[in-house]
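A.B. asks: this one's structure only:
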């Protein structure tokens with residue numbers, strides 16, 4: 001297990017790609033828009049590593065669903081799939097080899113997920129402006145919870 005400390009200067013977000021960005025509403029909702037009591041939010045992520053190049057790709061998939069006070073769906077939703085490419089100069093310091101399989105330490109993974117999610121919060125907030133989900137701010141989360149939510153996308 002590695003006990004190395006994260007050096008923020010060693011981490012670079014090289015590229016951000018918005019793969020999917022969509023807010024939809026049903027005709028029924030558009031004919032009678034209601035104030036949203038709550039927005040249900042689901043997040044999943046999918047990550048891949050290139051150990052030789054010290055790079056990591058993280059795809060964050062966020063689903064939003066507007067609901068009323070009884071938690072009934074109102075007919076307005078959003079989906080965002082954002083891809084982040086990162087480079088970590090001291091990546092090798094966080095590689096763990098277990099039974100011929102390479103993994104990265106929880107410390108680095110948690111740090112990168114935190115950076116990615118925080119960046120996505122701002123992107124999604126901006127993308128929601130002028131839509132029926134305008135003003136929705138994704139909550140602060142525990143990055144370790146998101147690490148456990150793997151997605152196939």
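C.D. replies: Done, it's in. All figures in this text were calculated on a predicted structure; none of them were measured in a lab.
A.B. asks: burial count for the closest residue to residue 78 other than its chain neighbours?
C.D. replies: Among residues not flanking residue 78 along the chain, residue 64 sits closest, at 3.9 Å (Cβ to Cβ, 6 or more residues apart in numbering). Every C-beta, even on glycine, is put in place using the N, C-alpha and C of the backbone. Neighbours of residue 64 under the rule other Cβ atoms under 10 Å: 20.
A.B. asks: surely residue 64 touches residue 39?
C.D. replies: Yes - at 5.4 Å, residue 64 counts as touching residue 39 under the criterion of Cβ atoms under 8 Å.
A.B. asks: intersection of neighbour lists for these two?
C.D. replies: Residues touching both residue 64 and residue 39 (Cβ atoms under 8 Å, 6 or more residues apart in numbering): 133, 136.
A.B. asks: sorry, back to before: and the helix or strand that contains the residue nearest to residue 78, what's buried?
C.D. replies: Using DSSP states H and E, residue 64 falls within strand 55-67. Buried residues in strand 55-67, counted by 16 or more other Cβ atoms under 10 Å: 55-62, 64-67.
A.B. asks: turn those into TSV, columns for pLDDT.
C.D. replies: Supplementary listing: the buried residues of strand 55-67 in TSV, determined by pLDDT from 0 to 100:
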residue	pLDDT
55	96
56	96
57	97
58	97
59	97
60	97
61	97
62	97
64	97
65	97
66	95
67	93
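A.B. asks: closest to residue 28 among those residues?
C.D. replies: Among the buried residues of strand 55-67, residue 66 lies closest to residue 28 (Cβ to Cβ), at 12.5 Å.
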